[in-house]
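[1] I would like the atomic coordinates for the input below:
(3 chains, ligands or ions: 2)
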Amino acid sequence: MKFRRHVDRVLGIVLVILMATMTINVLWQVASRYVVGRPSAFTDELARYLLIWVGTLGAAYAAGQRMHLAIDIVPQKASPAGKRRLSLIINSIVIVFALLVMVIGGINLVYITLYLDQHSPALGVPLGYVYAVLPLSGLLIIYYSVVSLMEAAFPAEHQGDMLDDDPEPVR
Amino acid sequence: SCEEARQTRVLKLAHGLDVTHPVHKGMVYMKQQLEQVSGGKMTLEIYPSQQLGSEREALELLQIGSLDMTKVSAGVMESFSPKFRVLGLPYLFRDRAHQFAVQDGPIGEEILRDGENYWLRGLCFYDAGSRSFYMKDRPINTPADLQGLKIRVMESPTAQAMVSIMGGSPTPMSYGELYTSLQQGVVDGAENNPPSFYSSRHYEVCKYYSLDEHTALPDVLLIGTKVWNKLSPEEQEWLQAAVDASVPEERRLWAESEEESLREVQKAGVEIIYPDKKPFEEKVQPLYDALKNDPTLYDLVQRIRAVETDNPGSPQL
Amino acid sequence: MEIFVLVVSFVILLAIGVPVAFSIGVSTMLTLLVSIDSLPAFTTLAQRMATGLDSFALLAIPFFVLAGQLMNRGGIAARLIDFAKSLVGMFPGGLAYVNILACMLFGAISGSAAAAASAIGGFMNSRMVKEGYSPQFSAAVNVTSATTGLVIPPSNVLIVYSLASGGVSIAALFLAGYVPGILAGLFIMIVAGIWAYRKKFPVGDRFSLGYAARKFLEALPSLLLLVVVIGGIVAGIFTATEASAVAVLYTLVLSMLIYREVKVKDLPSILLETVSTTAIVMLLIGTSIGMSWAMSYENIPQSVTEVLLNVSDNKIVVLLIINLILLFVGIFMDMTPAVLIFTPIFLPVVQELGMNPVHFGIVMVLNLCIGLCTPPVGSVLFIGCSVANVSIDKVIKPLLPIFLAMIAALMLVTYIPEISLWLPQVFGF
Ligand code: NA
Ligand code: NA
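    Ligands and ions are numbered 1, 2, ... in the order given. Now for the predicted structure:
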């Protein structure tokens, strides 16, 4: 699980940098109107694209931390074996969604916008770069879900931790 | 009705305008024409009011293949298909007659076809009048009056360069935030055509509308290339016939709506100013000089300027 | 056919415990597959997920969350409690009022009911229990009053509503939220007062003007945030969205330089916590934007409008039905997805009946506030119970009369538009 910790750490650092940049960018937007007296032409667009990245990549991070909201009435009432089966099903469903929509749909979207040479109006960046966060985040969600699927499938190696909130399996 | 549905080809058309807008009404007319000319074998399902996304997003849906048709401002086409950039240039056309002659002629056809390289087939131009400045608390009579004022512009490099060169501070801002920003003075003014000035209710805040008519940015009707190629030659003909029939009808509806909008905003206490356009036109000349680095656009501008109209000097609307 | 696929798959996925955002995403994907080829369907949904976040107004969410985090760690909650106590501590059930008022203030400023419930609840419960209140009662008061901060501006969920409604003015919504939010808080206070009187709960210290003034001065920098945010918007210095970034700057300066309770080394973890909280909401927004696209594509809102208006075209009846549906929805669904899913469905119906979209936004959010405090899905209830260390089933009994009061406030706000629209009208909306 050392690799898992590296992934968490790198992802965390990237997200902190993106979030800090986003904050400074919007403050600059206000400041540029008054301090410099010249409204900035790109801050609005940059802020929106950073939000797409923070939101989508952050969703993968939150998936890794098992923070996404769920209704767990059925899982709570299930037997330990039932819980395991449910965890297998839930993780498989998440994997299928991330694969079909975020990875395959996302790559197709990136491909179309890059192939057709679409650029953003203000910054002029290829829109494919903005959308690239979808397949990236999809792959990370698949990775985290596979880890948790393995924990549910082979409980002997990860005793008792498959359904609790601790992202770090006890070794 | 299931049997009947199978025989009817339904094309889904999404756009961002509300149902009272003249361009929407023009497309409803097109739908009726299509049903008539195809004998009920073809129809449109129209989704107004950004139900299926913004103009830029709808263009992407055409490319993705989940939406068949859309109507966007030519300004939005700029970042999809470069030849459309020419239409955003200020004072490109001498007058309405010149504009229509260009759009209806081979140059218009050439610009519409440029979209095909990007899987977007342009079907026609719809009139969207001319855009002019409206300000919260001062009239604009000359470009000097714009000096230092924060003007909201569309997300278009051409529009930003134009306001900049006239002396204003172009402030990009989402349309949704504009009303309150005008009201609270985050920006001093904005620019748009009369029907949009009226329907956005910006006239409640901005009491000076200076008809300098700097850009005559039309709307564009498009169909996904893949969808177009899937239609039979007969269906393509029906659709094009309905489109062609809707163009003059839309122009009529537009003129009507423009007149009504100006009348209504005046009733609401807006002062309409008719400034001399010459100084504005001279001020933007550097934009045209800069085009010399872009041979395609430069050539397009020269050819547009060379287009003669039957009735030169016809009065502007 | 499509609506059947959508509803059935969504309910099944939710029930077996698939995270809500993925339940929305998967059921949308299945719905689109009925009428669109697979690759365009996947790509469209991917595009909706990304472009759903392509909105400047949505930036306020991470920023208000970040400001709330900084306030949580920066000692701002404690100062608000002391100030609230100096105002209402002397009445019977005084501590309960303090709890309510502090939750309202903190919820109002931070824009987050969860933040208010955890920041104030953790503090207040031990004090209330020490003075003889039951922890269940304390938790019930805490969680319900925390939700009023979602109606009192600034409020992230009102921004989400503005997005879902296609651009209702955020500034107008913010102004409209004050009176209904305060009204709901007052109604909760009335219940707490009756409860305290009947149980003979202890009375707090006598009111002293000097003490109140001192506590006010200590809380002033925190309270000034409200002035900076709302004042800056009304004065036209910045937009509602930009105000949220200014709030971050303000709380940063306050907690790092003035109160000195946050250090530079704390910032990465605060930022990361903000990102996680934000991302959960963003994934929900992304997938629900996909779902509402699929619903529009299949003309589902039009069908619902037709059905509802067929039941009755009497405004009072339709509004009652909508409120009942939303109360039911709130039991099972969190606020953000509920707003995102049901705004495009119900807004056309009420607009048809001549209701102002600003007014409807307040009604909808106030209604769903109740759902935040009910099991099985009630994020604020869960937080409040965990900080008070009481089990959820024990809190239900004290919650019931408070729910009745909140529903009474909801009915007033629903049927008297002026409660919401008076303030925006004063400011010219
Ligand atoms: Na608030
Ligand atoms: Na609930």
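[2] what pLDDT does residue 110 get?
    Since you didn't name a chain, this refers to chain A. pLDDT for residue A:110: 98.
[3] To clarify, I was referring to chain B.
    Listed pLDDT for residue B:110 reads 97.
[4] ok, for it, nearest residue in space, not its chain neighbours?
    Residue nearest to residue B:110 in three dimensions, not counting chain neighbours: residue B:83, with 7.1 Å by C-beta to C-beta, 6 or more residues apart in numbering or on different chains. Where you see a C-beta, it was placed from the backbone N, CA and C, and this is true even at glycine.
[5] which ones are touching the residue nearest to the spatial centre of chain C?
    By C-alpha atoms, centre = their mean, the mean C-alpha position of chain C lies nearest to residue C:150, the distance being 3.2 Å. Applying C-beta atoms under 8 Å, 6 or more residues apart in numbering or on different chains, one finds that residue C:150 lies in contact with C:107, C:111, C:112, C:113, C:156, C:157, C:158, C:181, C:335, C:365, C:369, C:372.
[6] longest helix in chain A, by residue count?
    helix A:2-34 (DSSP state H).
[7] Pull out the buried positions in that one.
    Buried residues in helix A:2-34, counted by 16 or more other C-beta atoms under 10 Å in any protein chain shown: A:7-8, A:11-12, A:14-16, A:18-19, A:22-23, A:25-30, A:32-33.
[8] elements contacting the helix or strand where residue C:341 lies?
    Applying DSSP states H and E as the criterion places residue C:341 in helix C:335-352. In terms of contacts (3 or more C-beta pairs under 8 Å, 6 or more residues apart in numbering or on different chains; DSSP states H and E), helix C:335-352 is packed against helix C:20-35, helix C:156-164, helix C:267-297, helix C:300-311, helix C:315-332, helix C:357-371.
[9] now with 10 Å?
    On a contact count with 3 or more C-beta pairs under 10 Å, 6 or more residues apart in numbering or on different chains; DSSP states H and E, helix C:335-352 meets helix C:20-35, helix C:156-164, helix C:267-297, helix C:300-311, helix C:315-332, helix C:357-371, helix C:379-388.
[10] from the chain's centre, how far out does it sit?
    Centroid separation between helix C:335-352 and its chain, computed with C-alpha atoms, centre = their mean, to the nearest Å, is 16 Å.
[11] if you average pLDDT over that helix, what comes out?
    Averaging pLDDT along helix C:335-352 gives 84.
[12] center of chain A, which residue is that?
    Nearest residue to the geometric centre of chain A (C-alpha atoms, centre = their mean): residue A:60, 2.4 Å.
[13] Would you quantify the distance from that one to residue A:104?
    16 Å (C-beta to C-beta, to the nearest Å).
[14] Would you confirm that residue C:239 contacts residue A:29?
    Yes. Using C-beta atoms under 10 Å, residue C:239 is in contact with residue A:29, at 9.3 Å.
[15] Find residues that contact each of those two.
    Taking C-beta atoms under 10 Å, 6 or more residues apart in numbering or on different chains as the criterion, residue C:239 and residue A:29 both touch residue C:56.
[16] Could you list the buried residues of stretch C:328-348?
    For stretch C:328-348, the neighbour count (16+ other C-beta under 10 Å) marks C:329-330, C:332-348 as buried.
[17] ok, back up a step: quick one: work out the angle between the helix holding residue C:341 and helix C:267-297.
    40 degrees (axes from the mean of the first three to the mean of the last three C-alpha atoms, to 10 degrees).
[18] then helix C:335-352 to PDB, C-alphas only?
    What follows is helix C:335-352, C-alpha atoms only, in PDB (Å, rounded to 0.1, in the frame of the first residue of the first chain):
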ATOM      1  CA  MET C 335     -30.000  19.400  -0.400                       C
ATOM      2  CA  THR C 336     -27.700  20.100  -3.400                       C
ATOM      3  CA  PRO C 337     -28.800  17.200  -5.600                       C
ATOM      4  CA  ALA C 338     -32.400  17.800  -4.700                       C
ATOM      5  CA  VAL C 339     -32.100  21.500  -5.700                       C
ATOM      6  CA  LEU C 340     -30.300  20.500  -8.900                       C
ATOM      7  CA  ILE C 341     -32.800  17.800  -9.900                       C
ATOM      8  CA  PHE C 342     -36.100  19.400  -8.900                       C
ATOM      9  CA  THR C 343     -35.500  23.100  -9.800                       C
ATOM     10  CA  PRO C 344     -35.800  22.500 -13.500                       C
ATOM     11  CA  ILE C 345     -38.900  20.300 -12.900                       C
ATOM     12  CA  PHE C 346     -40.900  22.600 -10.500                       C
ATOM     13  CA  LEU C 347     -39.800  26.000 -11.600                       C
ATOM     14  CA  PRO C 348     -41.700  26.000 -14.900                       C
ATOM     15  CA  VAL C 349     -44.800  24.800 -13.000                       C
ATOM     16  CA  VAL C 350     -44.800  27.600 -10.400                       C
ATOM     17  CA  GLN C 351     -43.800  30.200 -13.000                       C
ATOM     18  CA  GLU C 352     -46.800  29.200 -15.000                       C
END
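[19] and it with helix C:20-35, angle?
    50 degrees.
[20] wait, does helix C:335-352 contact ligand 1?
    No. Applying C-beta under 5 Å from the ion, one finds helix C:335-352 separated from ligand 1 by no less than 12.9 Å.
[21] between that helix and helix C:357-371, how big is the angle?
    Going by the same axes, to 10 degrees, helix C:335-352 is angled at 140 degrees with respect to helix C:357-371.
[22] SS state for whichever residue of the stretch 1-150 of chain B sits closest to ligand 1?
    Closest contact between the stretch 1-150 of chain B and ligand 1, by C-beta to the ion, is at residue B:50 (27.7 Å). What DSSP: H, G, I helix; E, B strand; the rest coil gives for residue B:50 is coil.
[23] Residue B:308 now?
    Under three-state DSSP, residue B:308 falls in the coil class.
[24] Let me see the contact set for it.
    By C-beta under 10 Å, 6+ apart, residue B:308 lies in contact with B:98, B:101.
[25] rerun that using 7 Å as the cut-off
    By C-beta atoms under 7 Å, 6 or more residues apart in numbering or on different chains, no residues touch residue B:308.
[26] residue ranges with poor pLDDT in chain A?
    Low-confidence segments of chain A, defined by pLDDT under 70: A:1, A:37-38, A:69, A:71-73, A:156-171.
[27] now swap in the stretch 201-317 of chain B and tell me
    Low-confidence segments of the stretch 201-317 of chain B, defined by pLDDT under 70: B:311-317.
[28] Tell me, how many residues neighbour the residue of it at minimum distance from ligand 1?
    With C-beta to the ion as the measure, residue B:205 is the residue of the stretch 201-317 of chain B nearest to ligand 1, at 26.4 Å. Counted with other C-beta atoms under 10 Å in any protein chain shown, the neighbours of residue B:205 add up to 22.
[29] Okay then, goodbye and thanks.
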